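1. what's the 3D shape of this:
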Amino acid sequence: MKLIADCGSTKIDWCLLDGKKIVKQVFTTGMNAMMLTEEEMAARIAEELMPQIDAVKIDEIYYYGAGCLGDEVCGNVRRALAKNINASVIEVDTDLLAAARALCGRKPGIACIMGTGSNSCYYDGQKIVDNVSPLGYILGDEGSGAVLGKLLVGDVLKNQIPKDLSEKFLKQYDLDRMKIIRRVYKEPQANRFLASLTPFLIENIEEPAIHRLVLNSFKAFFVRNISNYDQYRTMTINFVGSIAYYYKDVLAEAAASLDCRIGNIIKSPMEGLIQYHSEN
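-> This is a model prediction of the structure:
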């Protein structure tokens, strides 16, 4: 039996796989491995996951997670899992490798994440061989939910979109200038707050000012990230994440304008990970 985990900061999607058969899929609270100790992660797994799968014999674990960078952090996650599950194989890796495996399987390709944050890599069919640093929503993360939200509130507060549209936005989210400034500069997790505003963009994507904002941010993603990969003109560019999924038409427009070809777009990596690990 295999246990696959797609871990974000908000939730973890766990899937028990017996050959090609999905035995059970459960969800628990998310964990960022950079923010939690080994003991804290072990306690969460014991409390939230184990009561749901305790009777199952698990041989292999494949855990892909937020913050799983470097041997020390990955080692903490591995030991936290091992304290709860006696598996012969425990593999811990990044959410970017999860995206690459889910999107490309065992074939080379360019794989991208476009959700609250954004990231990209060139994947050779086995491992990530090149990665343009995303740099986070302050310095980078072009095209992400956090950056789209940042651009939206900036345009609202600097009168760059029609007045009636700005008023509609502020009323819909019960915001004003000081509330926005407080949420961004004074309160934690400003990136999540900004990303939470993006439904307004898709609801009003036919408005020229909104369409332009989204299109230009996606173009920036291709220029500042994808064009750094030597293979980008000859390979399809694949995406996982809610922003890519819901804005796929504008994403395709941005790609076409820069001579890039879109491949797969999926909302969540789990379906692709199930296929990848059921074939292994």
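
2. Count the residues that sit near residue 56.
-> 13 (other CB atoms under 10 Å). Every residue, glycine included, has its C-beta placed from N, CA and C.

3. wait, residue 279
-> 9.

4. OK, contacts around it?
-> Residues in contact with residue 279 (CB atoms under 8 Å, 6 or more residues apart in numbering) are 105, 106.

5. can you offset everything so residue one is 61?
-> Done: numbering now begins at 61, and the last item shifts to residue 339.

6. mind checking how far it is from residue 236?
-> Counting by CB to CB, to the nearest Å, the gap from residue 339 to residue 236 is 53 Å.

7. tell me which residues of the least confident helix or strand in the chain by mean pLDDT are tucked away?
-> When the helices and strands of the chain are compared on mean pLDDT, DSSP states H and E, helix 196-199 comes out lowest with a mean of 81. Residues of helix 196-199 classed as buried: residue 197 (neighbour count, 16 or more other CB atoms under 10 Å).

8. which helices and strands does it pack with?
-> For helix 196-199, the elements it packs on are helix 205-217, helix 250-255, judged by 3 or more CB pairs under 8 Å, 6 or more residues apart in numbering; DSSP states H and E.

9. Using PDB, list the CA coordinates for it.
-> As requested, the backbone C-alpha atoms of helix 196-199 are provided in PDB (Å, rounded to 0.1, in the frame of the first residue of the first chain):
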ATOM      1  CA  GLY A 196       7.800  35.400  -3.200                       C
ATOM      2  CA  TYR A 197       5.000  37.900  -3.800                       C
ATOM      3  CA  ILE A 198       7.100  41.000  -2.900                       C
ATOM      4  CA  LEU A 199       9.900  40.400  -5.300                       C
END
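
10. So what touches that helix?
-> 177, 204, 206, 207, 210, 251, 254.

11. Of these, just say which sits nearest to residue 222.
-> residue 210 (19.4 Å; CB to CB).

12. who wins for proximity to residue 280 among the helices and strands packed on helix 196-199?
-> helix 205-217 (8.5 Å).

13. Name the surrounding residues that touch the closest one.
-> Contacts of helix 205-217 (CB under 8 Å, 6+ apart): 175-178, 197, 201, 220-221, 226, 229-230, 235, 237, 240, 244, 250-258, 260-261, 269, 273-274, 277, 302-303.

14. for it, which positions count as buried?
-> The neighbour-count check on helix 205-217 (16+ other CB under 10 Å) flags 205, 206, 207, 208, 209, 210, 211, 212, 213, 215, 216 as buried.

15. and which of those residues is nearest to residue 314?
-> For these, the nearest to residue 314 is residue 208 (12.6 Å; CB to CB).

16. Relative to residue 179, how far out is the closest one?
-> Distance from residue 208 to residue 179, by CB to CB: 15 Å.

17. Over to residue 69?
-> For residue 69 relative to residue 179 (CB to CB), the value is 14 Å.

18. Settle it for me: which of the two has more neighbours?
-> residue 179 (23 against 20).

19. which ones are touching the more buried one?
-> With CB under 8 Å, 6+ apart, residue 179 has these contacts: 155, 156, 159, 172, 173, 191, 194.

20. Please confirm that it is located within a strand.
-> Yes: membership of residue 179 in a strand is supported by DSSP: H, G, I helix; E, B strand; the rest coil.

21. Tell me the bridge partners for it.
-> Beta-bridge partners for residue 179, by DSSP bridges, are residue 173.

22. Check what pLDDT it gets.
-> pLDDT recorded at residue 179 is 91.

23. any chance you could map the helices in the stretch 61-210 of the chain?
-> For the stretch 61-210 of the chain, the helices defined by DSSP state H, counting those that start in this stretch occupy 98-104, 110-113, 131-142, 155-164, 196-199, 205-217.
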